[in-house]
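Chemist: model this:
(one chain, ligands or ions: 1)
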Amino acid sequence: SSHEDRFHVVTPLKKSPILSNVTGTEVLLKLENIQPMGSFKIRGIGHYCQTLSKKGYTRFVCSSGGNAGLAAAYACNKLGLAATIVVPESTGQDIVQKLKGLGADVVVKGKVWDDADALAHQLAEAPGSVYVSPFNNPVIWEGNSTLIRELKDSLGLRKPSALVLAVGGGGLLAGLVSGMTDVGWLDVPIIAMETNGAHCLNAALQAGEIVTLPDITSIAKCLGAKTVCERAFQCARETDLISITVDDREVIEAIEKFLDDELMLVEPACGAALAAVYSGHIERLKLEGRLKNPHGPVVLIVCGGSAISLSQLLDFKSQFGLN
Ligand SMILES: COC[C@H](NCc1c(COP(=O)(O)O)cnc(C)c1O)C(=O)O
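Modeler: Numbers count the residues shown, from 1 in each chain. You can find the predicted model right below:
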């Protein structure tokens with residue numbers, strides 16, 4: 001599609017000598033943290049808002065941990081449409097202010113994203129309004145799949161030995177699998193990272209069916225969906241998906257190491273993906289022979305996100321005794 005009818009940018013696929021050295025294999029970073037509003041969300045949410053705006057809706061009602069909301073507020077601002085973003089109490093004030101700065105109405109509701117989502121569905125009943133899911137819609141997955149097309153264009157005939165991503169509700173996973181189907185990469189192993197306490201996909205895979213977590217107890221609130229979407233659960237069974245969970249402490253260690261190594265500050269949702277490298281999972285999987293195409297690069301999706309600041313990182317470090 002031509003530039004003016006999409007909001008995302010083509011992001012760099014950056015070689016990382018330091019992370020390659022840490023894992024003993026080539027690691028490439030897909031820098032979604034430099035998308036407008038700081039995360040990959042603009043690909044799927046921007047495409048969804050763009051598509052639905054042609055149907056005459058005047059107000060978009062998006063439930064979000066924060067990042068999908070920022071993408072929706074940005075898209076509606078560009079489209080000249082009203083936006084209501086419903087976030088849980090765990091969403092920080094800096095994100096709320098950013099949302100308001102984009103002209104969105106912000107409603108804070110409930111302890112976790114699921115509570116905010118229930119209200120968003122109600123508010124979207126109003127005439128002229130339409131609901132925007134942060135992760136559970138085929139149009140969103142179609143937008144997210146543009147990331148794979150860019151990887152294919154960058155890598156040419158080279159196939160990744162693995163794709164590493166963070167999973168919240170599963171929209172990024174569903175989108176990547178859609179793109180992988182298009183480019184013939186369904187055999188590429190997917191390393192699906194979650195934090196313990198926001199591990200709805202891992203819990204479902206262990207149970208053999210979709211389950212709902214009792215609560216979100218991880219600091220990675222932007223991964224905080226208690227139930228993984230159906231499509232993501234199906235994707236996990238249709239692909240060579242390796243589900244890994246990490247502790248919040250490992251996430252904070254990964255964030256700090258990445259800041260020192262690559263001079264970029266990312267939030268806990270993204271730190272979960274980075275922990276695949278810094279907690280030694282990539283190295284282990286390689287030694288276990290799980291990465292069938294060992295000569296290919298590991299591609300890590302640096303998903304970005306706004307739920308971080310230097311002071312929050314310092315608070316997290318003292319919370320986990322990492323000073
Ligand atoms: C509760 O929150 C769901 C969603 N965040 C999801 C998210 C993910 C995971 O993407 P998903 O698996 O939900 O498509 C990864 N990386 C970042 C930085 C994210 O913000 C949101 O913003 O509303």
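Chemist: Quick check, the residue in the stretch 201-323 of the chain closest to the ligand?
Modeler: Residue nearest to the ligand within the stretch 201-323 of the chain (C-beta to the nearest ligand atom): residue 305, separated by 2.8 Å. In short, each C-beta sits where N, CA and C put it, glycine included.
Chemist: burial measure for that residue, as a count.
Modeler: For residue 305, the number of neighbouring residues by other C-beta atoms under 10 Å comes to 28.
Chemist: And the helices in the stretch 151-300 of the chain, which stretches?
Modeler: When secondary structure is read from DSSP state H, counting those that start in this stretch, the stretch 151-300 of the chain shows helices at 171-183, 200-207, 230-238, 248-262, 268-278, 281-287.
Chemist: Enumerate the residues of this structure near the ligand.
Modeler: Proximity of the chain to the ligand, by C-beta under 6 Å from any ligand atom, involves residues 39, 41, 64-68, 113, 134-135, 166-173, 222-225, 267, 269-270, 303-305.
Chemist: Might you specify the subset of these located within strands?
Modeler: residue 166 (DSSP state E).
Chemist: From the ligand, how far off is the residue of the chain most remote from its centre?
Modeler: In the chain, the residue that sits farthest from the middle, by C-alpha atoms, centre = their mean, is residue 127; the gap is 30.6 Å. Distance, residue 127 to the ligand, using C-beta to the nearest ligand atom, to the nearest Å: 25 Å.
Chemist: what helix or strand does that residue sit in?
Modeler: Here residue 127 is covered by no helix or strand, with elements defined by DSSP states H and E.
Chemist: what's the answer for residue 14, then?
Modeler: strand 13-15.
Chemist: Provide the backbone phi and psi angles at residue 86.
Modeler: Backbone torsions for residue 86, taken as degrees, to the nearest 10, come to phi -110, psi 120.
Chemist: Enumerate every residue touching it.
Modeler: Contact analysis of residue 86 by C-beta atoms under 8 Å, 6 or more residues apart in numbering lists 61-64, 69, 106-109, 116-117, 119-120, 123.
Chemist: Distance across stretch 278-297, terminal residue to terminal residue?
Modeler: Criterion C-alpha to C-alpha, to the nearest Å; first-to-last residue distance in stretch 278-297 is 16 Å.
Chemist: Counting neighbours, which bits of that stretch end up buried?
Modeler: 278-279, 281-282, 285-286, 290-291, 296-297 (16 or more other C-beta atoms under 10 Å).
Chemist: And stretch 68-86, how far out from the chain middle?
Modeler: Between the centre of stretch 68-86 and the centre of its chain there are 18 Å (C-alpha atoms, centre = their mean, to the nearest Å).
Chemist: Can you show me the CA trace of that stretch as CSV?
Modeler: Extracted C-alpha coordinates of stretch 68-86, given in CSV (Å, rounded to 0.1, in the frame of the first residue of the first chain):
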residue,chain,number,x,y,z
ALA,A,68,-2.1,-0.2,21.5
GLY,A,69,-4.0,2.8,22.9
LEU,A,70,-1.1,5.2,21.9
ALA,A,71,-1.2,3.7,18.4
ALA,A,72,-5.0,4.1,18.2
ALA,A,73,-4.9,7.7,19.5
TYR,A,74,-2.1,8.5,17.0
ALA,A,75,-4.1,7.0,14.1
CYS,A,76,-7.3,8.8,15.1
ASN,A,77,-5.5,12.0,15.5
LYS,A,78,-4.1,11.7,11.9
LEU,A,79,-7.5,10.6,10.6
GLY,A,80,-9.4,13.5,12.4
LEU,A,81,-11.5,11.0,14.3
ALA,A,82,-12.4,10.8,18.1
ALA,A,83,-10.7,8.3,20.3
THR,A,84,-11.6,6.9,23.7
ILE,A,85,-8.8,4.8,25.3
VAL,A,86,-9.7,2.6,28.2
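Chemist: What residues sit buried inside that stretch?
Modeler: Applying 16+ other C-beta under 10 Å to stretch 68-86 flags 68-76, 79, 81-86 as buried.
Chemist: Specify which member of the residues you listed is nearest to the ligand.
Modeler: The ligand lies nearest to residue 68 out of these, by C-beta to the nearest ligand atom, at 3.5 Å.
Chemist: Can you show me the strands along the stretch 51-200 of the chain?
Modeler: 59-63, 82-87, 105-108, 129-132, 162-166, 190-195 (DSSP state E, counting those that start in this stretch).
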